[in-house]
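Trainee: attaching a predicted model along with its sequence, questions to come.
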Amino acid sequence: MRALTWQGKRSVSVEEVPDPVIQDPTDAIVRITSTAICGSDLHLYEVLGPYMHKGDVIGHEPMGVVEEVGSAVTHLRKGDRVVIPFNISCGHCYMCRRGLQSQCETTQVKEKGSGAALFGYSELYGSVPGGQAEYLRVPHADYGPVTVGQELPDERYLFLSDILPTAWQGVEYADVHPGGTLAVFGLGPVGQFAARIGVHKGLRVIGVDPVPERRAMAARHGVETLDYGKDLAEELRDMTEGRGPDAVVDAVGMEAHGSPVAGFAHQALGLLPDKLAQKAMETAGVDRLAALHTALDAVRRGGTVSLSGVYGGQASPMPLLSMFDKQIQLRMGQCNVRRWTDDLLPLVEDDADPLGVMDLVTHRSGLDGAPALYEKFQKKEDGCIKVVLNPGG
């Protein structure tokens, strides 16, 4: 089959790779009809290269049609249309039963000290082949895949794989009282949905991003918007009676700009042999924390900062004195996708499209166009906010 593979820093290519096969009785093979490029894929493209291997199949936002099931799979059959959550969870362990599927004890990557295995996301998360490919092997297929209807277009459902439940969890963790104010830092795909979910829940939402096209998209959905400037925290206090927003969702993560020191650290990691670079990632502060520090500054006293953006450094400095003094609650974590899909499925199927799932994709392509679109997405060129690939196209 054809698949998008990692070849090195800022280098991906479409290659012929072996077709996936049933390895365990609980597996299924899915023919991919749509798959998206996620903002966190850019971490593999730019920063997390030390954990990647040349030829790794990437991608973790797929959906498609079941082609084959293992002998122990009873809830799926050939021809079912399914969305595949990015984290691989069993559904029956201690963590899954508590709605913490991203910490699944059956698939935890214990040798790396990581949570549940993820599709297409480096040896940190199990080196499981990903979904930017024509076919995908899906472990624990009786639990993970979300069966959807046959009538609506893929884009109604595709984002249930990651970014929509990730945004939903981010807003849930923010826990803003009805009528309160939520700020969303970063209006990429997750930030767009977090902002819209806040509006859907009746909150005042202020979205922050330096890219005009992203602000314009958010504004179409009832979101107030701000550019990212050096006085952002003060601007937010001015808009909220001097207090700051009740909560901030940080949907930026380690690709954030604003820290020359961390930017240099990212570049330096790329010059080290993989094992040394891994050690540096695991022991040093290598994140660009400007967005997170601004969120902690801007949020009101007694408020919450909810992290949806991915950070990668073990020793990144935090302003603990100020956080303690302001009584800030900090919540974070990989999304527990299957915890939220039952809440979200009726919303994506609603004719009114209340979360605007049909107003997110800016670029579409077959697999062959993916390398150029990775570069365009990473550089935020041509108004690129969300890319969907059609492997059969």
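Mentor: Structure received.

Trainee: number of residues surrounding A352?
Mentor: 6 (other C-beta atoms under 10 Å). C-beta: built from backbone N, CA, C; applies to glycine.

Trainee: now do R77
Mentor: For R77, using other C-beta under 10 Å, the count is 11.

Trainee: helices of the stretch 1-150 of the chain, start to end?
Mentor: 41-46, 94-97 (DSSP state H, counting those that start in this stretch).

Trainee: now render the ones you listed as JSON lines, adding mean pLDDT and distance to D24.
Mentor: JSON lines is the format used below for those (pLDDT from 0 to 100; distance: least, C-beta to C-beta, whole Å):
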{"stretch": "helix 41-46", "mean pLDDT": "83", "distance to D24": "26"}
{"stretch": "helix 94-97", "mean pLDDT": "98", "distance to D24": "17"}
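
Trainee: which of those helices sits closest to P139?
Mentor: helix 94-97 (13.5 Å; C-beta to C-beta).

Trainee: export only the CA atoms of that closest one, formatted as PDB.
Mentor: Taking Å, rounded to 0.1, in the frame of the first residue of the first chain, the C-alpha atoms of helix 94-97 are listed here in PDB:
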ATOM      1  CA  TYR A  94      -8.800   0.200  35.500                       C
ATOM      2  CA  MET A  95      -8.000   3.400  33.600                       C
ATOM      3  CA  CYS A  96     -10.500   2.900  30.800                       C
ATOM      4  CA  ARG A  97     -13.300   2.100  33.200                       C
END
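
Trainee: re earlier: CSV for the helices of the stretch 1-150 of the chain, including mean neighbour count?
Mentor: Output for these, formatted as CSV (neighbours: other C-beta atoms under 10 Å):
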stretch, mean neighbour count
helix 41-46, 22
helix 94-97, 16
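
Trainee: need those helices in a markdown table with distance to M52, can you?
Mentor: Converted to a markdown table, the helices of the stretch 1-150 of the chain look like this (distance: least, C-beta to C-beta, whole Å):
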| stretch | distance to M52 |
| --- | --- |
| helix 41-46 | 6 |
| helix 94-97 | 26 |
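
Trainee: out of those, the one nearest D27 is which?
Mentor: helix 94-97 (17.9 Å).

Trainee: counting contacts, what elements does that closest one pack onto?
Mentor: Applying 3 or more C-beta pairs under 8 Å, 6 or more residues apart in numbering; DSSP states H and E, one finds that helix 94-97 contacts no other helix or strand.

Trainee: which other residues reach that helix?
Mentor: S89, C90, Q101, Q103, C104, E105, T106, Y143, R338 (C-beta atoms under 8 Å, 6 or more residues apart in numbering).

Trainee: list the contacts for the second one?
Mentor: Which is C90. By C-beta under 8 Å, 6+ apart, the contact list for C90 reads C96, C104, E105, T106, T107, H140, Y143.

Trainee: for the chain, where's the lowest mean pLDDT among helices and strands?
Mentor: Lowest on mean pLDDT, DSSP states H and E among the helices and strands of the chain sits helix 260-269, with a mean of 44.

Trainee: just name the closest of the contacts of helix 94-97 to H200, please.
Mentor: R338 (20.9 Å).

Trainee: next, that closest one: secondary structure please.
Mentor: With DSSP: H, G, I helix; E, B strand; the rest coil as the basis, R338 sits in helix.

Trainee: end-to-end on stretch 330-343?
Mentor: End-to-end distance for stretch 330-343, by C-alpha to C-alpha, to the nearest Å: 24 Å.

Trainee: do stretch 85-100 as well
Mentor: 13 Å.

Trainee: same question for stretch 326-340.
Mentor: 31 Å.

Trainee: what comes up buried for that stretch?
Mentor: 326, 328-331, 333-340 (16 or more other C-beta atoms under 10 Å).

Trainee: quick one: those residues as TSV, columns for distance to L389 and pLDDT too.
Mentor: Listed next are the buried residues of stretch 326-340 as TSV, based on distance: C-beta to C-beta, whole Å; pLDDT from 0 to 100:
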residue	distance to L389	pLDDT
K326	43	95
I328	39	95
Q329	38	96
L330	35	95
R331	32	96
G333	27	92
Q334	23	93
C335	21	96
N336	26	97
V337	20	97
R338	24	97
R339	27	97
W340	24	98
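
Trainee: mind picking the two most distant members of those?
Mentor: K326 and R338 (34.0 Å).

Trainee: mind listing what's buried along stretch 196-208?
Mentor: For stretch 196-208, by 16+ other C-beta under 10 Å, it's R196, I197, G198, V199, H200, K201, L203, R204, V205, I206, G207, V208.

Trainee: now intersect those residues with the helices, please.
Mentor: R196, I197, G198, V199, H200 (DSSP state H).

Trainee: hang on, the earlier thing: narrow the contacts of helix 94-97 to those in strands?
Mentor: For the contacts of helix 94-97, not one is inside strands, with DSSP state E as the criterion.

Trainee: can I get these in JSON lines with distance to K376?
Mentor: Formatted as JSON lines, those follow (distance: C-beta to C-beta, whole Å):
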{"residue": "S89", "distance to K376": "32"}
{"residue": "C90", "distance to K376": "37"}
{"residue": "Q101", "distance to K376": "32"}
{"residue": "Q103", "distance to K376": "34"}
{"residue": "C104", "distance to K376": "34"}
{"residue": "E105", "distance to K376": "39"}
{"residue": "T106", "distance to K376": "38"}
{"residue": "Y143", "distance to K376": "36"}
{"residue": "R338", "distance to K376": "32"}
